[in-house]
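K.L.:
Fold the following.
(2 chains)
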Amino acid sequence: MSEAILSTREAAPRPALSWRGPARAALPWLLPALLLLAWQAGSMAGWIAEEVLPAPSAVVAAGWTLAQSGALAENIRVSAWRALTGFAIGGGLGLALGFLTGLSRLGERLLDSSVQMLRNIPHLALIPLVILWFGIDEAAKLFLVALGSFFPVYVNTMHGVRSVDPQLMEMGRAYGMDGPTLFRRVVLPGALPSVFVGIRYALGIMWLTLIVAETIAANSGIGYMAMHAREFMLTDIVVFSILVYALLGKLADSVARLLERLCLSWNPAYRGA
Amino acid sequence: MDGMLAGARAGVAVRLRGVAKDFGGPAVLQGLDLDIPAGQFLAIVGRSGCGKSTLLRLVAGLEAPGGGTLTIGGPGEDAPPADAVRLMFQEPRLLPWASIQENVEVGLARGTPPALRQVRARATLAEVGLADRAAEWPSVLSGGQKQRVALARALVSRPRLLALDEPLGALDALTRIEMQALVEQVWRAEGFTAVLVTHDVAEAVALADRVVVLDRGRVALDLPIDVPRPRRHGDPALAATEARILDRLLADGR
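P.N.:
Residues are numbered from 1 along each chain as shown, chains lettered A, B, ... in the order given. Below is the predicted model:
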């Protein structure tokens, strides 16, 4: 604790130019680093019982052991496959139906009220039913992840299509664009910022759903690793699993943000952000 | 400018006979007769709601007349292709996700070979003075520059009829005068028929060969402007004509 405070005091009076760049980059990590230090110090001083929360060093050691045995890579692979496949199915359907209801009044009348009704059921409440249907197979997890990622993508895609500037649509028609061209040149790029909001939201739900599903019913994956360790009171592995989830979630969000920046570079709100 | 002159097609005539239009309520246009000779610069002025924008949208093909006939092209002439009639809107309406050059290319007919598309877009951008901005996004341009890009988009297919729906209304006074000069310059170079709808009587008088005042869907005044070009701002003959049109517009309101 005292170390960290000292170091920030030292940093402050230095000339601005030399440290501003790296310090800015490091700023978001300052709080996590302080917490980690406090946690380690607390464990070493014996204030935090090891069964409750093992020291960061113990968690790292547990992770290292898991990584060396190959169990970590295998479980990450299984979890990532479930997450991405489920997301691709649910998000893909959400995108397709979102465009359908956004573009066609008939599609909206036919589908939207049904979708909105289903949307209000917490999808995790379906777990007992899903276990009855699919057992604890892969299909159960994929179904839940797909269901969870469907709604945010659907709602935001539809909203994005609806909010495309009607003046641009009129311009496109006046300048001779046919349906497919109008979609490609005006509707799709116009809806994209909103679609990305849906995708980033869905990525969050994707991990959440997978964690719950793997924790309740699975025999592989990170969630299973955590539950399995709990049975043997291996708190360090439980904590390590949670950290892996956090890192994977952050990774997915970073990839989505990168894509967003690449696709939306025309928009001043995203440029160089 | 000379490059654009080569191969420029002449303007096209427009003929309206008994044209009517309503949008489910009272008639916006009724029994309107109007002949626009090929290559003429016609300005349409009138109070808000007089039907001038509707008339322009009919001429530009955005709406179909509810009655009467609207013919584009002289007698015995085939109807011109869709890209021979272009509309410039009140707002620039540029695609924010397309570069300035791509926005201009929107105006080209489908099936134009890619190499030609680039050459034509570049040449037209040069004509409106924005050749060096081709690769940038529209969001970095000022309002006047955006309207220049919109003008380039309307001109790139070398239209034979250009409909202008108050395209300069939102610009500041100086930019507006610059844009008026630019519009006049390209019109003289290309020889298309121009139909300008505007609130600004001074603008109408400065640019047009002929000013038509619309009132309640009918032609209330049809006035040739014979002042030779290039015209000077504040020319007494223009000022007198402007006063006459304004008198008429104000009298209509009473």
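K.L.:
May I have the phi/psi pair for the closest residue to residue B:245 other than its chain neighbours?
P.N.:
In this structure, residue B:245 finds its nearest non-sequential neighbour in residue B:201, 5.1 Å apart by Cβ to Cβ, 6 or more residues apart in numbering or on different chains. Where C-beta positions appear, they are placed from N, C-alpha and C, glycine not excepted. Per-residue torsions, residue B:201: phi -60, psi -40 (degrees, to the nearest 10).
K.L.:
Give the helix, strand or coil label for residue B:25.
P.N.:
Applying DSSP: H, G, I helix; E, B strand; the rest coil to residue B:25 yields a three-state assignment of coil.
K.L.:
and it, what is it in contact with?
P.N.:
Shown here is residue B:25, which makes no contacts under the criterion Cβ atoms under 8 Å, 6 or more residues apart in numbering or on different chains.
K.L.:
all helices for the stretch 51-200 of chain B, in order.
P.N.:
In chain order, the stretch 51-200 of chain B shows helices spanning B:52-59, B:100-105, B:114-127, B:143-155, B:173-190, with DSSP state H, counting those that start in this stretch as the criterion.
K.L.:
Which positions in the stretch 101-250 of chain A make contact with chain B?
P.N.:
The stretch 101-250 of chain A comes close to chain B at residues A:167-168, A:170-178, A:181, A:185-186, A:189-190, A:192, as judged by Cβ under 8 Å from any Cβ of the partner chain.
K.L.:
thinking again about what came up before, how about the helices of the stretch 51-200 of chain B, which one is nearest chain A?
P.N.:
Distances from chain A to each of the helices of the stretch 51-200 of chain B were compared using Cβ to the nearest Cβ; the shortest belongs to helix B:143-155, at 7.5 Å.
K.L.:
Mind listing what's buried along the closest one?
P.N.:
Using 16 or more other Cβ atoms under 10 Å in any protein chain shown as the burial criterion, the residues of helix B:143-155 that qualify are B:144, B:145, B:146, B:147, B:148, B:149, B:150, B:151, B:152, B:153, B:154, B:155.
K.L.:
Same list (the residues you listed) but as TSV, adding pLDDT and distance to chain A.
P.N.:
As requested, those are arranged in TSV below (pLDDT from 0 to 100; distance: Cβ to the nearest Cβ, whole Å):
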residue	pLDDT	distance to chain A
B:144	93	19
B:145	95	16
B:146	96	13
B:147	95	13
B:148	95	16
B:149	97	12
B:150	97	9
B:151	96	14
B:152	96	13
B:153	97	8
B:154	96	9
B:155	94	12
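K.L.:
circling back: hang on, the residue nearest to residue B:245 packs against residue B:247?
P.N.:
No - shown here, residue B:201 and residue B:247 do not form a contact pair, counting by Cβ atoms under 8 Å, at 10.3 Å.
K.L.:
out of the two, which sits in the busier spot?
P.N.:
When residue B:201 and residue B:247 are compared for neighbours, residue B:201 comes out ahead with 20 against 11, by other Cβ atoms under 10 Å in any protein chain shown.
K.L.:
hang on, isn't residue B:10 packed against residue B:40?
P.N.:
No - the criterion here is Cβ under 8 Å, and residue B:10 misses it with residue B:40 at 11.5 Å.
K.L.:
how about the residues of chain B near chain A?
P.N.:
Applying Cβ under 8 Å from any Cβ, we find that chain B lies next to chain A at B:60-62, B:82-83, B:86-87, B:89, B:91, B:93, B:95-98, B:106-107, B:109-110, B:137, B:139, B:153.
K.L.:
Show me which of these are buried.
P.N.:
When those are checked for burial by 16+ other Cβ under 10 Å, the buried set is B:60-62, B:83, B:86-87, B:89, B:91, B:93, B:95-98, B:106-107, B:137, B:153.
K.L.:
Narrow those residues to those in strands?
P.N.:
Among these, the members falling in strands (DSSP state E) are B:86, B:87.
K.L.:
Show me how the chain divides into domains.
P.N.:
Answering for chain A, as no chain was given. For chain A, the domain assignment from automatic domain parsing gives the residue ranges A:1-33, A:60-263.
K.L.:
wrong one, I was asking about chain B
P.N.:
Here the domain assignment for chain B is B:2-80+B:160-253, B:96-158, based on automatic domain parsing.
K.L.:
residue of the stretch 1-150 of chain A with the smallest distance to chain B?
P.N.:
For the stretch 1-150 of chain A, the residue closest to chain B is residue A:99, as judged by Cβ to the nearest Cβ, at 17.0 Å.
K.L.:
What about residue A:267, how many residues nearby?
P.N.:
Under the neighbour criterion other Cβ under 10 Å, residue A:267 is assigned a count of 18.
K.L.:
helix, strand or coil for it?
P.N.:
Judged by three-state DSSP, the three-state class of residue A:267 is coil.
K.L.:
and it, what is it in contact with?
P.N.:
When the contact criterion is Cβ under 8 Å, 6+ apart, the partners of residue A:267 are A:193, B:96, B:97, B:139.
K.L.:
Quick check, the residue of the stretch 1-150 of chain A closest to chain B in contact with residue A:160.
P.N.:
No - taking Cβ under 8 Å as the definition, residue A:99 is not a contact partner of residue A:160, at 9.0 Å.
K.L.:
about what we covered before: okay, the domains of chain A in CSV with distance to residue B:162 and mean neighbour count next?
P.N.:
Compiled in CSV, those are given as follows (distance: least, Cβ to Cβ, whole Å; neighbours: other Cβ atoms under 10 Å in any protein chain shown):
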stretch, distance to residue B:162, mean neighbour count
domain A:1-33, 52, 10
domain A:60-263, 12, 18
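K.L.:
Any chance of a markdown table for the ones you listed, columns mean pLDDT?
P.N.:
Conversion of those to a markdown table gives the following (pLDDT from 0 to 100):
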| stretch | mean pLDDT |
| --- | --- |
| domain A:1-33 | 62 |
| domain A:60-263 | 92 |
